[in-house]
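J.: Below: sequence and its predicted model.
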Amino acid sequence: MAAFDLNASGNSPRRPALLLPDDGPLRADLLPSDVPTDLTERDFPLARPSEALDPLRRPVRGDLAHIRCAGRIFVPHYAVPMPHRLTDTATLVRAARAEAEALAELAQGTLFNVLDIAGGWAWGQVDEDGLVGYLPMTALVAL
């Protein structure tokens with residue numbers, strides 16, 4: 001990959017910031033099986049229709065998704081779940097705040113797969129295919 005010299009004379013303000021090399025066709029071993037291999041890196045096809053998402057059951061946010069969604073849903077980051085258990089009963093909520101809408105009351109010992117931790121809250125999914133939401137970190141213990 002070659003970059004333009006931003007200080008060189010004669011550069012237009014409309015010039016691209018980077019030049020991408022033309023390395024030929026994409027490597028078939030790096031693509032899902034239903035994507036054609038005769039494409040170049042300059043082509044951006046939609047290989048299949050978008051999937052309908054149930055935000056209460058699919059662990060996907062605008063910035064992050066469960067690793068099993070890779071290749072099917074585009075987000076900047078994918079996370080491998082970190083299994084935790086509830087130390088006591090807790091309320092799964094829709095957002096990372098105490099006054100958020102309650103989704104379910106979870107029993108002590110329930111498995112919760114944590115995908116993100118921020119501000120004392122864990123975002124994740126109950127069991128493997130359960131509800132998706134937030135729990136306070138104080139209610140969880142790592143396995």
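T.: The structure has been received and is ready for your questions.
J.: so Pro81 touches Gln125, yeah?
T.: Yes: with contact defined as C-beta atoms under 8 Å, Pro81 reaches Gln125; the gap is 7.2 Å. The C-beta positions use only the backbone N, C-alpha and C, and glycine is treated the same way.
J.: Comparing the two, which residue is more hemmed in?
T.: Between Pro81 and Gln125, Gln125 has the larger neighbour count (other C-beta atoms under 10 Å), namely 22 against 17.
J.: Can you report how many residues lie near the residue nearest to Thr138 when sequence neighbours are not counted?
T.: Once flanking residues are discounted, Thr138 sits nearest to Gly120: 7.3 Å by C-beta to C-beta, 6 or more residues apart in numbering. Gly120 sits with 9 neighbouring residues when counted by other C-beta under 10 Å.
J.: Quick one: residues contacting Gly120.
T.: Gly120 makes contact with Pro136, Met137, Thr138, according to C-beta atoms under 8 Å, 6 or more residues apart in numbering.
J.: picking up where we left off before, mind listing the shared neighbours of Pro81 and Gln125?
T.: Listed contacts common to Pro81 and Gln125 are His66, Asn113, Leu115; contacts here mean C-beta under 8 Å, 6+ apart.
J.: what's the weakest-modelled helix or strand in the protein?
T.: Every helix and strand in the chain was compared by mean pLDDT, DSSP states H and E; the lowest is strand 18-19, with a mean of 46.
J.: Tell me the helix or strand right after that strand.
T.: Reading on from strand 18-19 to the C-terminus, the next helix or strand found by DSSP states H and E is strand 64-66.
J.: rewinding a little: show only the entries of the contacts of Gly120 found in strands.
T.: Pro136 (DSSP state E).
J.: Using PyMOL, define a selection of the buried residues within the contacts of Gly120.
T.: Remark: buried members of the contacts of Gly120, expressed as a PyMOL selection using 16 or more other C-beta atoms under 10 Å:
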select buried, resi 137
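J.: Any chance of the contacts of Gly120 in JSON lines with pLDDT as columns?
T.: As requested, the contacts of Gly120 are exported to JSON lines (pLDDT from 0 to 100):
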{"residue": "Pro136", "pLDDT": "97"}
{"residue": "Met137", "pLDDT": "97"}
{"residue": "Thr138", "pLDDT": "96"}
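J.: Right, I'll call it a day here.
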